[in-house]
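> 3D, please:
(one chain, ligands or ions: 1)
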Amino acid sequence: MAEDVRRGLTATPKRLQPKYLYDERGSDLFEQITELPEYYPMREEGSLLNLISPGLIASMAPGEIVELGSGSSTKTRALLDAGRANGCLRRYVAFDVSESIVRLAIAELLQRYNGLDVYGIVGDFHRHLDKIPGHTGRRLVLFLGGTLGNLYREERIDLLRQIGALLAPDDRLLVGFDLVKDIPLIEAAYNDAQGVTADFNRNMLNVINNGLDGDFDPEAFEHYAYFNTQESRIEMHLRPKSKQVAHLKKLGLTVEIEPPETLWTESSHKFTPDSVREMLTASGLSLREWYAAPKDMFALALAGPA
Ligand code: AVJ
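You can find the predicted model right below:
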């Protein structure tokens, strides 16, 4: 964290990585976001998964499901239910950065799915994919929630290549993508009326203060999120209401920021069928199936080794 934050806050524009949004309070706020009327991605992805799970399971009959960024594994139940009903599914591997979440999720799944072999792995998917156990039958890897959209193009391709290395020829990867659509609809999802997303954004300054003995005043910053059409992404920023001087004692760093400069805290990329196909190809994968929600609100791409 020390190195990330030093680099980000001495760069132009000033930026902080989105992973620092998620301490306990941040994860809680994110859960609240997923229930907001304006925030459509999770709901759309959940309905889409419910719709496609029986067919997907029937067509590939996976022996195991490996989920990256599994969180509470709630949406996954549609696939697990279908896999158990079909009789093919023997193992589920949950992989997440948060140990408490993985423990809770696997305890619940073990109760719910009698006889399913449930694994939990705590790790960072940029570094710990080698902790995933070897194959038991055909593998379906899941990367849901549009999390891939938080990464920049080079990082996305790098990660997709690493995931591709986990796949045998008949294995598949299912990835969730938020799609380019009516801009006001996208922007509303990141500017909710209740201000939960604003609190979620500002909470990053608490995380930085706690980690690096800092004195940022979160309330002195405004939430600012807009769709950057050129780059096809929502950018989330914190904009100081007046000149701010903060000290990060653990870094021996003083940060000065005044309007209109911002702290850039997150990018959430939005895709098209063409941009997904192109990215998969650049990663050594090929698109096998495209499942889109009504009105192209969200999509799931099923990919396999090229
Ligand atoms: C968890 C990365 C998918 O980009 O929509 C929600 C995070 N940020 N509201 C997203 C988020 C602001 C979310 N992802």
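> separation between Gln32 and the ligand?
For Gln32, the distance to the ligand under the criterion Cβ to the nearest ligand atom, to the nearest Å works out to 10 Å. In short, each C-beta sits where N, CA and C put it, glycine included.
> which residues touch that residue?
Val196 (Cβ atoms under 8 Å, 6 or more residues apart in numbering).
> in the helix or strand harbouring it, what's buried?
In this structure, Gln32 sits in helix 24-34 according to DSSP states H and E. Along helix 24-34, the positions that meet the burial threshold by neighbour count (16 or more other Cβ atoms under 10 Å) are Gly26, Ser27, Leu29, Phe30, Gln32, Ile33, Thr34.
> quick one: which of the residues you listed is nearest to the ligand?
Closest approach to the ligand among the buried residues of helix 24-34 (Cβ to the nearest ligand atom): Ile33, at 5.1 Å.
> Relative to the whole chain's centre, how far out is stretch 187-198?
Remark: stretch 187-198 is offset 18 Å from the chain centroid, using Cα atoms, centre = their mean, to the nearest Å.
> quick one, what contacts the residue of the stretch 51-200 of the chain found nearest the ligand?
The nearest approach of the stretch 51-200 of the chain to the ligand comes at Gly146, 4.0 Å away (Cβ to the nearest ligand atom). Remark: with contacts taken as Cβ under 8 Å, 6+ apart, Gly146 is in contact with Pro41, Glu45, Gly176, Phe177, Asp178, Ser268, Phe298.
> which one among the residues you listed gets closest to Leu287?
Lowest distance from Leu287 to these (Cβ to Cβ) belongs to Phe177, with 11.2 Å.
> With adjacent residues omitted, what lies nearest to the closest one?
The shortest distance from Phe177 to any non-neighbouring residue, by Cβ to Cβ, 6 or more residues apart in numbering, is to Phe271 (4.5 Å).
> count of residues packed around that neighbour?
A count of neighbours around Phe271, defined by other Cβ atoms under 10 Å, yields 23.
> Just want the phi and psi numbers for it.
phi -120, psi 170 (degrees, to the nearest 10).
> who's in contact with it?
If a contact means Cβ under 8 Å, 6+ apart, then Phe271 has Gly149, Phe177, Asp178, Leu179, Val180, Ser232, Met279, Ala299 as its contacts.
> From those residues, list the buried ones, please.
Using 16+ other Cβ under 10 Å, the buried ones in the contacts of Phe271 are Gly149, Phe177, Asp178, Leu179, Val180, Met279, Ala299.
> from those, which has minimum pLDDT?
Here the lowest pLDDT out of these sits on Gly149, with 95.
> Okay, and which of the contacts of Phe271 map to helices?
Residues of the contacts of Phe271 located in helices (DSSP state H): Met279.
> Okay, strands next: where are they in the stretch 101-250 of the chain?
Using DSSP state E, counting those that start in this stretch, the strands of the stretch 101-250 of the chain run over 117-122, 139-143, 172-178, 221-228, 233-240, 244-248.
> Quick check: the residue of the chain nearest the ligand.
Residue of the chain nearest the ligand, by Cβ to the nearest ligand atom: Ser268 (3.2 Å).
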